[in-house]
Each structure stands twice: as structure tokens, then as C-alpha cells.
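In: 3D, please:
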Amino acid sequence: MNIETLLGEIPKTKFVQEYFHRLPFSLTGAARSVCQLGSWEVLGEILGQDGVDVMVVRDDQQYAGTDPRTLEDAKTLSAEGYTILVRHAESHHEQLKKLAAGFEDDFHAPANIHIYATPAGNHGFSWHYDAEEVFIVQTSGRKEYSLRKNT
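Out: Purely as a prediction, here's the structure:
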């Protein structure tokens, strides 16, 4: 998978010239082909592996208990309002590894895939900024994002 797949009819050159490192960009429905990679099933596959970088957080507070190692553990924490975050998910799933490789080829830079599972009506983190370019693929549910130009 490469960036052209996610940009739909927007040419990569236009995206890079007008948005990349400049302005927020949003496109509805373009990521349908990768939505299954953000499923509970994929999260469960990843959590069962060794060396997974997991964070559990609710309202900006990190969970003090044991990190989930199974899908059932993750769903229990989610029901309690916790966001389950897996960093470097591409290191633990072949299709996510291919997705990251496509971005690395397109942008000639390392790619790091995070998976977030946030329950409805909750948030893991409050307002913040990211020091790197971030591509968000909303795979299910609804979420309101407040994006702004980096200043």
C-alpha cells in the first residue's frame, strides 16, 4: 500500500506541495481498504506477542495495572473507559509492516504505526501536538479531531 491509495483522487505531488509539513488534511472514506488492520482482531493478535509496546490510558492518566495481553483483557479495560495504545504495531503484524513499508518508500523516512482503541465517549489524551507527521486512519466509530496548522 502506498500514499496514493489513501489520497484517492488527490495527486501525491499536490498533497506534498500543499499539505505535508504545512496544513492538516482530511479525506473521508479513502482508507476503507486498510480498515480491517485497525480491528479488535488485529489488536488481539498483536497483544498476544512478546515485546509489544502497550500503553493504557484514560483522561490523560496512565493505567497502573498490568498491560493487557489478550483481546479479552483489552475489551475489559475498554469497557472501563480506557484507551488501549500499541506503538510500533508494524513490528508485530505482517500487513501493518507492509503498510509502513509503503509509507517509508513514499516519504523516504521511517514509519511507525500506532493502534488506538478508544471507547465511545472517552479520550485517552487531551489536547497535544506531535513533533512528527501523523496520518490518522479512523477504522471504525466516530471521533472528533481538532486539527490546526503547526505554529
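
In: what's the spacing between Val16 and Leu27?
Out: Applying C-beta to C-beta, to the nearest Å, the value for Val16 to Leu27 is 15 Å. Every residue, glycine included, has its C-beta placed from N, CA and C.

In: and Gly48, by the same measure?
Out: From Gly48 to Leu27 the distance is 33 Å (C-beta to C-beta).

In: ok, now Gly141?
Out: Gly141 is 18 Å from Leu27, by C-beta to C-beta.

In: equivalent analysis for Ser126, please.
Out: 25 Å.

In: which one's more surrounded, those two?
Out: Leu27 (12 against 7; other C-beta atoms under 10 Å).

In: show me the contacts for that one.
Out: Residues counted as contacts of Leu27 (C-beta atoms under 8 Å, 6 or more residues apart in numbering) are 6-8, 10.

In: quick check, it in a helix?
Out: No - going by DSSP: H, G, I helix; E, B strand; the rest coil, the assignment for Leu27 is coil, not a helix.

In: check what pLDDT it gets.
Out: At Leu27, the model reports a pLDDT of 85.

In: closest to Thr70 out of the contacts of Leu27?
Out: Distance to Thr70 across the contacts of Leu27 (C-beta to C-beta) is lowest for Leu6, with 30.7 Å.

In: list the contacts of the helix or strand hosting the closest one.
Out: For Leu6, the element it lies in under DSSP states H and E is helix 3-7. By C-beta under 8 Å, 6+ apart, the residues outside helix 3-7 that reach it are 12, 15, 27, 30-31, 33-34, 102-103, 106-107, 135, 137.

In: buried only: go through those for me.
Out: For the contacts of helix 3-7, a neighbour count by 16 or more other C-beta atoms under 10 Å gives the buried set as 15, 31, 34, 102-103, 106-107.

In: need those in a markdown table (columns: distance to Asp73, secondary structure and pLDDT).
Out: What follows is the buried ones among the contacts of helix 3-7, written out as a markdown table (distance: C-beta to C-beta, whole Å; DSSP: H, G, I helix; E, B strand; the rest coil; pLDDT from 0 to 100):
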| residue | distance to Asp73 | secondary structure | pLDDT |
| --- | --- | --- | --- |
| Phe15 | 38 | helix | 90 |
| Ala31 | 27 | coil | 84 |
| Val34 | 25 | helix | 88 |
| Gly102 | 31 | helix | 91 |
| Phe103 | 30 | helix | 89 |
| Asp106 | 35 | helix | 89 |
| Phe107 | 35 | helix | 88 |
